[in-house]
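Undergrad: the amino acid sequence is not available; the structure is as follows:
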């Protein structure tokens with residue numbers, strides 16, 4: 001597990017006109033080409049990747065490589081699964 005540096009400059013990935021607490025994704029670019037990713041609602045849960053992998057992911061999103069993950073979500077997210085399911 002990678003230690004999270006305390007002095008990271010977190011940048012919120014939200015529309016410029018966005019208001020409210022989110023939830024939003026925040027990014028921080030650290031030393032050794034590390035990229036830190038977290039959600040505003042759970043800032044202690046940080047995912048770490050490399051700058052090369054992050055850049056490849058962003059290019060993939062721009063190219064539509066992940067569109068199948070959101071197909072059918074134009075009207076909003078699917079309902080949450082029922083608790084205590086079998």
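TA: In hand now; what should we look at? Quick caveat: nothing in here was measured; it's all calculated off a predicted structure.
Undergrad: what's the burial count for residue 10?
TA: By other C-beta atoms under 10 Å, the residues close to residue 10 number 14. For glycine as for every other residue, the C-beta is placed from the backbone atoms N, C-alpha and C.
Undergrad: number of residues surrounding residue 35?
TA: For residue 35, using other C-beta under 10 Å, the count is 18.
Undergrad: give the contact list for it.
TA: The contact partners of residue 35, by C-beta atoms under 8 Å, 6 or more residues apart in numbering, come to 27, 28, 29, 48, 49, 50, 51, 53, 54.
Undergrad: at 10 Å instead, please
TA: Taking C-beta atoms under 10 Å, 6 or more residues apart in numbering, we find residue 35 in contact with 27-29, 47-55, 57.
Undergrad: output those as a markdown table; include the columns secondary structure and neighbour count.
TA: Conversion of these to a markdown table gives the following (DSSP: H, G, I helix; E, B strand; the rest coil; neighbours: other C-beta atoms under 10 Å):
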| residue | secondary structure | neighbour count |
| --- | --- | --- |
| 27 | strand | 15 |
| 28 | strand | 18 |
| 29 | strand | 14 |
| 47 | strand | 11 |
| 48 | strand | 15 |
| 49 | strand | 16 |
| 50 | strand | 12 |
| 51 | helix | 13 |
| 52 | helix | 10 |
| 53 | helix | 11 |
| 54 | helix | 17 |
| 55 | helix | 13 |
| 57 | helix | 15 |
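Undergrad: make JSON lines out of those residues and add pLDDT.
TA: What follows is the contacts of residue 35, written out as JSON lines (pLDDT from 0 to 100):
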{"residue": "27", "pLDDT": "96"}
{"residue": "28", "pLDDT": "97"}
{"residue": "29", "pLDDT": "97"}
{"residue": "47", "pLDDT": "96"}
{"residue": "48", "pLDDT": "97"}
{"residue": "49", "pLDDT": "97"}
{"residue": "50", "pLDDT": "97"}
{"residue": "51", "pLDDT": "97"}
{"residue": "52", "pLDDT": "97"}
{"residue": "53", "pLDDT": "98"}
{"residue": "54", "pLDDT": "96"}
{"residue": "55", "pLDDT": "97"}
{"residue": "57", "pLDDT": "96"}
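Undergrad: sounds good, over and out.
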